[in-house]
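**Student:** Mind folding the following:
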Amino acid sequence: MNALTEALTVLVLFLLLAGPALVGLAHERRVDRQLREARTRAARSRTARSQKSSSRSTVPSTATWYADGRRSKKLVSS
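**Tutor:** This is a model prediction of the structure:
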């Protein structure tokens, strides 16, 4: 009977000492999995966004149009 009590005591002490570490390990693994999933989702949305934008016709922005106009005026006036 003493051997059983001592074995249970050792088991309980082990769980008290290792329990927080095991809970922390489980938490870290869950966070790592969530980060990995978020990274893959972001990569998928990035590729989908780049594919979508490349299929549209490109129209120069106002800044590009303005800069082109100023360049052409400089060439004509000089």
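
**Student:** Which strand or helix spans His27?
**Tutor:** Taking DSSP states H and E as the criterion, His27 maps to helix 2-55.

**Student:** For that helix, what does the pLDDT average out to?
**Tutor:** Average pLDDT, helix 2-55: 90.

**Student:** Now do the contacts for Leu17.
**Tutor:** Not one residue lies near Leu17 by Cβ atoms under 8 Å, 6 or more residues apart in numbering. Quick note: C-beta positions are derived from backbone N, CA and C, even for glycine.

**Student:** how near is it to Ala7?
**Tutor:** Here the criterion is Cβ to Cβ, to the nearest Å. By it, Leu17 lies 16 Å from Ala7.

**Student:** same question, Glu37
**Tutor:** Counting by Cβ to Cβ, the gap from Glu37 to Ala7 is 42 Å.

**Student:** now swap in Arg41 and tell me
**Tutor:** 48 Å.

**Student:** okay, now Ala38: neighbour count?
**Tutor:** Neighbourhood size, Ala38 [other Cβ atoms under 10 Å]: 10.

**Student:** try Ala3
**Tutor:** Residues near Ala3, counting by other Cβ under 10 Å: 7.

**Student:** again with the one 4 residues further on
**Tutor:** Neighbouring residues of Ala7 were enumerated by other Cβ under 10 Å; the total is 10.

**Student:** try Leu13
**Tutor:** With other Cβ under 10 Å as criterion, Leu13 counts 10.

**Student:** where's it relative to Gln34, distance?
**Tutor:** For Leu13, the distance to Gln34 - Cβ to Cβ - is 33 Å.

**Student:** what do you get for Ala18?
**Tutor:** For Ala18, the distance to Gln34 - Cβ to Cβ - is 24 Å.
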